[in-house]
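*Asks:* here are the coordinates; sequence isn't available:
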RNA sequence: GCCAGCGUAGCUCAGGGGUAGAGCAACUGAUUCGUAAUCAGUAGGUCGGCGGUUCAAUUCCGCCCGCUGGCUCCA
């Protein structure tokens, strides 16, 4: 008996669709072995072991077979069987991966098998009643994967798909994917002339074009002024340093493979810097510090280079050369928590200023490979936890995901496809102060080791900019827009008035451009609209005579007639207040 | 790095064993126009790179580089 698919939740439907796909695959390619097929956000995947990889044509065949099987409306039957029988069954089927899974299942748990037609799969369930309950699905793409997610294990073939209650929901979802592509920062980066990456320079190395650089400059200025307000000092450090520095810091041991190859300078090895911390430590060490000086906060927009494997590079979001909005705080032990609370506050303030109200917070704890004492790790982790609680931030624990020298808080924001990217990070570190043997003089005259907090708010300017582009689909808030106002004379007769206005707006610090081309106003509007310029000002004989402006906003078609002063006041107010949703 | 797909004009893309094509952009000219595309003309390419097969390769094959989607990784 088949129930309507509305009666099953999406997870169940997606899980059953994964089974349906596995059944189709096994029918079409009997030499394949099944492994796992979980539900993920918006869909599912199934990992298969097979010598020959799946190609796009295969997906069509599999999808067609799935539709046939759904049409046959095969009943899906759950059966609990003894462990030994299950092992025997899957062993006979040659499904050694399934046997491995069975062996890993806790002995208190029952082994259940779901069968539809000739196809049986080890599975906890639940599932829909029969294959006919699966109404709307699509296979999306393939990928290589590894058994148990470890690249030393067998390579598997993964097929991703999506499934919904109805064809209508499916269509809506697929349309959303199409829409998301339009917000892709790589596409917009080209269309709006913000940045580029060239083969000649190298993958993962970003060129910031004038308009992108304008925005970056605004991000940097805002960042710096907020940091000065919060009692940070700014420093600068070089882009390369002797390799010994990284041996002392321990980074060479942990990240050797990710550091740009050393270069030989007068017989000494140098590397491009992968981090800024040792430099800030050296500045701290440049003189004797008193407890009265602490906390000391050194900030730097520090450009670092890390070798990332070619397959992981992704536009601005994952690159090889990037600028961190870094800072290191040197504290007395009793200052950590207060500093952490302040840092979290600053993070939330900055994210909000850029319009990010939705994010995920993670507390990453001690990894398998770590340095330092258990006590220090505990103290640091507790300090982070209590700072999170004081800030009233909801967070998830990410066990074992801390850095080798300490636990951390990460904040992730999402891109147009709802993939999350880490931006902010806060780390407590007892290790580097110890390794570099830094100290300050306590009240009692004794040397004490300070504790370091590493933190970045935007993470990297490149990644943050990438997320920013997608967040606004290129229509930046007025305070960030590379061009805020474009002047559009209707004929050549208004050119001198246009020049005059441009000068006056520039004097006010407003970013203005003129479109003096011999084109119709409709064409100029269209182009300005595509460039997502917040204000378009049409200038015809009417405006010249009355000394006014015909102002059109990016998101509304109505035109308002304003005098220059009123317009300047409007722009300045929106910029000063960093209004997000104004145009 | 791994698997698959892709790489043709500035951009978006078509084509296909006999040395390349569209639209937009650019340039020139005409037009002087009121809120999302005025008209005409011109120019533009070692078809990602190297090698092989062939009388002939942009097309077929191999290797390399790059990009895309995932996997793994991300101090």
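*Replies:* Good, I have the coordinates. On a predicted model such as this, the values are computed, not experimentally measured, just so you know.
*Asks:* RNA strand B contacts on the stretch 101-250 of chain A?
*Replies:* Proximity of the stretch 101-250 of chain A to RNA strand B is confined to A:141-146, A:149-151, A:155, A:157-158, A:160, A:184, A:186, A:190, A:197, A:199, A:202-204 under the rule CB under 7 Å from any atom of the strand. Just so you know, the C-beta spots here come from the backbone N, C-alpha and C atoms, and that holds for glycine as well.
*Asks:* now, of these, which are buried?
*Replies:* Among those, those scoring as buried are A:142, A:145, A:157-158, A:160, A:184, A:186, A:197, A:204 (criterion: 16 or more other CB atoms under 10 Å).
*Asks:* so which of those sit within strands?
*Replies:* Among these, the residues falling in strands (DSSP state E) are A:142, A:145, A:157-158, A:160.
*Asks:* including distance to residue A:541 and pLDDT, could these go into JSON lines?
*Replies:* JSON lines is the format used below for those (distance: CB to CB, whole Å; pLDDT from 0 to 100):
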{"residue": "A:142", "distance to residue A:541": "62", "pLDDT": "87"}
{"residue": "A:145", "distance to residue A:541": "66", "pLDDT": "90"}
{"residue": "A:157", "distance to residue A:541": "68", "pLDDT": "90"}
{"residue": "A:158", "distance to residue A:541": "65", "pLDDT": "92"}
{"residue": "A:160", "distance to residue A:541": "59", "pLDDT": "93"}
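*Asks:* just the residues you listed now: which is nearest residue A:525?
*Replies:* residue A:160 (41.5 Å; CB to CB).
*Asks:* list the contacts of that closest one.
*Replies:* Contact analysis of residue A:160 by CB atoms under 8 Å, 6 or more residues apart in numbering lists A:43-45, A:139-143.
*Asks:* that one pairs with what?
*Replies:* Listed beta-bridge partners, residue A:160: residue A:45, residue A:141 (assigned using DSSP bridges).
*Asks:* who are the contact partners of the residue most central in space within chain A?
*Replies:* Using CA atoms, centre = their mean, the residue of chain A that lies closest to the mean C-alpha position is residue A:421, 1.8 Å off. Under the criterion of CB under 8 Å, 6+ apart, the neighbours of residue A:421 are A:317, A:412-415, A:463, A:466-467.
*Asks:* distance of it from RNA strand B?
*Replies:* Plainly put, residue A:421 is 8 Å away from RNA strand B if you go by CB to the nearest atom of the strand, to the nearest Å.
*Asks:* what's around residue A:375, how many residues?
*Replies:* The criterion is other CB atoms under 10 Å. On that basis, residue A:375 has 9 neighbouring residues.
*Asks:* got it, and residue A:12?
*Replies:* Neighbours of residue A:12 under the rule other CB under 10 Å: 18.
*Asks:* now residue A:374
*Replies:* Tallying neighbours of residue A:374 according to other CB under 10 Å, which is how burial is gauged here, yields 9.
*Asks:* same check on the one 10 residues further on?
*Replies:* Burial of residue A:384 is recorded as 27 neighbouring residues (other CB under 10 Å).
*Asks:* go ahead and confirm it touches residue A:426.
*Replies:* Yes - under the contact definition of CB atoms under 8 Å, residue A:384 touches residue A:426, with a separation of 7.1 Å.
*Asks:* who touches both of the two?
*Replies:* Between them, residue A:384 and residue A:426 share the contacting residues A:340, A:408-409, judged by CB under 8 Å, 6+ apart.
*Asks:* can you lay out those as CSV showing distance to RNA strand B and pLDDT?
*Replies:* Listed next are the shared contacts of residue A:384 and residue A:426 as CSV, based on distance: CB to the nearest atom of the strand, whole Å; pLDDT from 0 to 100:
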residue, distance to RNA strand B, pLDDT
A:340, 16, 97
A:408, 7, 96
A:409, 12, 96
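*Asks:* and the residue of the stretch 301-450 of chain A found nearest RNA strand B, its phi and psi?
*Replies:* Of all residues in the stretch 301-450 of chain A, residue A:311 sits closest to RNA strand B, at 2.0 Å by CB to the nearest atom of the strand. When quoted as degrees, to the nearest 10, the phi and psi of residue A:311 stand at phi -70, psi -10.
*Asks:* same question for the one 4 residues further on.
*Replies:* In terms of degrees, to the nearest 10, the main-chain angles of residue A:315 are phi 50, psi -130.
*Asks:* name the nearest residue to it, ignoring sequence neighbours.
*Replies:* In this structure, residue A:315 finds its nearest non-sequential neighbour in residue A:186, 4.2 Å apart by CB to CB, 6 or more residues apart in numbering.
*Asks:* now do residue A:182
*Replies:* Nearest residue to residue A:182, sequence neighbours excluded (CB to CB, 6+ apart): residue A:473, at 7.2 Å.
*Asks:* and the gap between the one you found and residue A:496?
*Replies:* Relative to residue A:496, residue A:473 is positioned 36 Å away (criterion: CB to CB, to the nearest Å).
*Asks:* number of nearby residues for residue A:30?
*Replies:* The number of residues packed around residue A:30, counting by other CB under 10 Å, is 7.
*Asks:* return the residues of the stretch 251-400 of chain A in contact with RNA strand B.
*Replies:* Counting by CB under 7 Å from any atom of the strand, the residues of the stretch 251-400 of chain A that sit close to RNA strand B are A:251, A:254-255, A:258-259, A:274-275, A:306-315, A:318.
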